[in-house]
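Q: Following is a predicted model, sequence given first.
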Amino acid sequence: MREYKIFMTDLGFWIYKKLEKDGRISLWFLGWDGKRVLRKDFARTFYHREDAASALTLMKIKDGKKSD
């Protein structure tokens, strides 16, 4: 199961994808190069919620194409 979320930090907004597989949970953050990273230190920071929402939409579309 995949769950996408935008959450607010002190600096701005981050996007993550939560995966649950075989009873394990992992969080993948959107990195600067458009790939997913496990460390939130390398997560891409959006300063406006609208920018984060548009990036989240693109992230969902790309993940949908990969799974087909």
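A: Done, it's in.
Q: Name the residues that touch stretch 33-46?
A: Residues outside stretch 33-46 that contact it (CB atoms under 8 Å, 6 or more residues apart in numbering): 9, 11-17, 26-32, 52, 55. To be clear about C-beta, it is placed using only N, CA and C from the backbone, and glycine gets the same treatment.
Q: filter those to the buried ones?
A: 13, 14, 15, 16, 17, 27, 28, 29, 30, 52, 55 (16 or more other CB atoms under 10 Å).
Q: mind checking the SS state of the third one?
A: When the structure is reduced to helix, strand and coil (DSSP: H, G, I helix; E, B strand; the rest coil), residue 15 reads as strand.
Q: For it, which non-adjacent residue is closest in space?
A: Spatial nearest neighbour of residue 15, excluding adjacent residues (CB to CB, 6 or more residues apart in numbering): residue 30 at 4.4 Å.
Q: right, and the helix or strand after the strand or helix carrying that neighbour?
A: Per DSSP states H and E: residue 30 is located in strand 24-30. As assigned by DSSP H and E, the chain's next helix or strand after strand 24-30 is strand 36-37.
Q: outside of the least confident helix or strand in the chain by mean pLDDT, which residues touch it?
A: Within the chain, no helix or strand scores below helix 49-67, which has a mean of 85 by mean pLDDT, DSSP states H and E. If you take CB under 8 Å, 6+ apart as the criterion, helix 49-67 is touched by 2, 4, 6, 12, 13, 14, 15, 17, 30, 44, 46.
Q: Who does the residue nearest in space to the middle of the chain form a beta bridge with?
A: What sits nearest the mean C-alpha location of the chain, by CA atoms, centre = their mean, is residue 16, with 2.9 Å. In this entry, residue 16 is beta-bridged to residue 5, residue 29, by DSSP bridges.
Q: That one contacts residue 30, correct?
A: Yes: Residue 16 is within contact range of residue 30, at 7.3 Å (criterion: CB atoms under 8 Å).
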